[in-house]
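Peer 1: Let's see this in three dimensions:
(2 chains)
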Amino acid sequence: MGKAQQAFPLHFYGTITHGKLLIVMETNVIWWTGTSVTAIVLIRGALVGLLRKYPLFYAYISCVLLKEIVGLLSYQFARNFYEPFYWPSELATIVASYAVIIEIFRQSLRHSPGIARKAQKFLLAAFVLTLSYAATDLLHGQFASASRAIAELGRDLRYIEGALLLVMLWLFVRYRILLGRNLLGLIGGYSFWVGLNVVNLALWFLPGNGFSVFLRRLLPITYVATLTIWCLALWSSQPEPAQSAENAIERDYELLAAKTRAALARTSERLVRVMKP
Amino acid sequence: MTGLVPISVLGTLILVLGIRLVAQSRNRRQSPAVTVDDYANAREALDSVFVETAAIKRIFSVEDAEYVARSGTPDVQRLFFGERRKLALQWLRRTQQQIAQLIDFHLRLASYTYDPSPGFELMLTAKYLTFVVVSSIALALLWLLGPFKATRTISYIIRTAGNFCTTFSLRLERVNPTRLSSDGESLLH
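Peer 2: Take a look at the predicted model:
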């Protein structure tokens, strides 16, 4: 079992390397729980109609579920297939998780066209910058194996994902973007998972770091926690926060802006008078 | 090891902002949408900052302090200085709250604009942070020294608040300028 294989959730490192009953049980419990919760999220999404509302997110969840099921079957029935399957599938899952970023962007900024336009530029800049960094890193790296190369590519893709998510979170917090309970849960769970994953990956690639061993053990549990957050947040379809009618917002906003501008001209005059000695 | 620091900071910032977003959204669930009333409140807050800035000059009037010091008994002097100090502290705290509210309304409204300006936002944030720092120092000075000994700092705060409000007024002028209808323009008068 390579070092790289221990970096991601729901793996079998305990089962394969040590064979200790407790670790086997723990790993299996986490794996089965994760797979079950993933399936529940997907089923609930279909039942309450959220699957149609957040198609990209559920496409990602389907991808994860498919990977887990194929991984489980191959581990049980065709172990030779498991190892060559693991890393490419892991990479595919990370790439698929970009769909969640797009989904969050699409849903959150529907009512803020100006912010959406600016955010698009920010995100594109962040994407190009981090992608260039990742490409340079990959080109100059000397990899012992294909698994290691894929693992490092996966890590860099996570960093890019983290940078994009950070830009979006900053925009949401900065402009107090209104979010419904479903979307808030989706973003909350995703931030929790990506944030911990990025820190863990940074430590994991640092040789001889003892803390990373602890984090690696913790990571599958955090993934199950993320799935639980999503499961709870997306259990039922919650109404979107009330938005004023588009025309009313625009008309009233302009009206008030004009009024305020006039009031400001008056108060500016007052200020000058007050500030004079 | 050097590469570890920015990545760890990235991960930590994601977690912190994620928590902040959840907390912020929960707090705002009571008044989710920006309404005409919110906008009116922002204007009111802006007006009150200016009105109170004019009124506060009286609270800090050195002439009053000199008069009471000359002709008042020690009890009257103590009462006068105590009251003025309390008033000054209350005014400054209220000003801080109003400016914070103003920023909140500004940001909420900015998300609806068609052409928000990041450069202007940055300038506004810098000015706001300056105000927060300076007013906090002034608050501490007022509490320690009383209003009359801290007048120099206070006059600086008034100027800072003035600068900030001027910036805010410029921001409001940028709001959907091309979409102002002729009806809207007529309301200027």
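Peer 1: Break chain A down into its domains, please.
Peer 2: A:3-239, A:246-277 (automatic domain parsing).
Peer 1: Compare these and report which one is nearest to B:M123.
Peer 2: Nearest of the domains of chain A to B:M123, taken as CB to CB: domain A:3-239 at 14.4 Å. Backbone N, C-alpha and C define where each C-beta goes, glycine included.
Peer 1: Which residues does stretch A:189-197 contact?
Peer 2: A:100, A:104, A:158, A:161-162, A:165, A:169, A:215, A:218-219, A:222-223, A:225-227, A:229-230, A:233, B:11-15, B:17-18, B:21 (CB atoms under 8 Å, 6 or more residues apart in numbering or on different chains).
Peer 1: Pull the contacting residues for B:L87.
Peer 2: B:59, B:147.
Peer 1: and the residue in chain B positioned nearest to chain A, what element?
Peer 2: Across chain B, no residue is closer to chain A than B:G18, which sits at 2.9 Å (CB to the nearest CB). Taking DSSP states H and E as the definition, one finds B:G18 inside helix B:4-27.
Peer 1: Alpha carbons of that helix, in CSV - could you do that?
Peer 2: Taking C-alpha atoms only, helix B:4-27 is exported to CSV below (Å, rounded to 0.1, in the frame of the first residue of the first chain):
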residue,chain,number,x,y,z
LEU,B,4,3.0,24.5,4.0
VAL,B,5,2.2,27.9,5.4
PRO,B,6,0.2,29.4,2.5
ILE,B,7,-1.7,26.2,2.0
SER,B,8,-2.5,25.9,5.7
VAL,B,9,-3.6,29.5,5.7
LEU,B,10,-5.8,28.8,2.6
GLY,B,11,-7.4,25.8,4.4
THR,B,12,-7.9,27.7,7.6
LEU,B,13,-9.4,30.7,5.8
ILE,B,14,-11.9,28.5,4.0
LEU,B,15,-13.0,27.0,7.3
VAL,B,16,-13.2,30.4,9.0
LEU,B,17,-15.1,32.1,6.2
GLY,B,18,-17.4,29.1,5.9
ILE,B,19,-18.3,29.4,9.6
ARG,B,20,-18.7,33.1,9.3
LEU,B,21,-21.0,32.7,6.3
VAL,B,22,-23.3,30.3,8.2
ALA,B,23,-23.4,32.6,11.2
GLN,B,24,-24.1,35.6,9.1
SER,B,25,-26.9,33.9,7.2
ARG,B,26,-28.5,32.7,10.4
ASN,B,27,-28.4,36.2,11.9
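Peer 1: other SSEs contacting that helix?
Peer 2: For helix B:4-27, the elements it packs on are helix A:146-174, helix A:181-204, judged by 3 or more CB pairs under 8 Å, 6 or more residues apart in numbering or on different chains; DSSP states H and E.
Peer 1: so A:G45 sits right up against A:L56, yeah?
Peer 2: No: judged on CB atoms under 8 Å, A:G45 makes no contact with A:L56 at a distance of 11.9 Å.
Peer 1: neighbour-wise, which of the two wins?
Peer 2: Between A:G45 and A:L56, A:G45 has the larger neighbour count (other CB atoms under 10 Å in any protein chain shown), namely 25 against 18.
Peer 1: gap between the nearest residue to that one once chain neighbours are set aside and chain B?
Peer 2: Nearest residue to A:G45 in three dimensions, chain neighbours excluded: A:L51, at 4.2 Å (CB to CB, 6 or more residues apart in numbering or on different chains). According to CB to the nearest CB, to the nearest Å, A:L51 and chain B sit 23 Å apart.
Peer 1: now A:T35
Peer 2: For A:T35, the distance to chain B - CB to the nearest CB - is 25 Å.
Peer 1: show me what contacts that residue?
Peer 2: A:10, A:65, A:68-69, A:72.
Peer 1: switch the cut-off to 7 Å
Peer 2: Contacts for A:T35 (CB atoms under 7 Å, 6 or more residues apart in numbering or on different chains) come out as A:E68.
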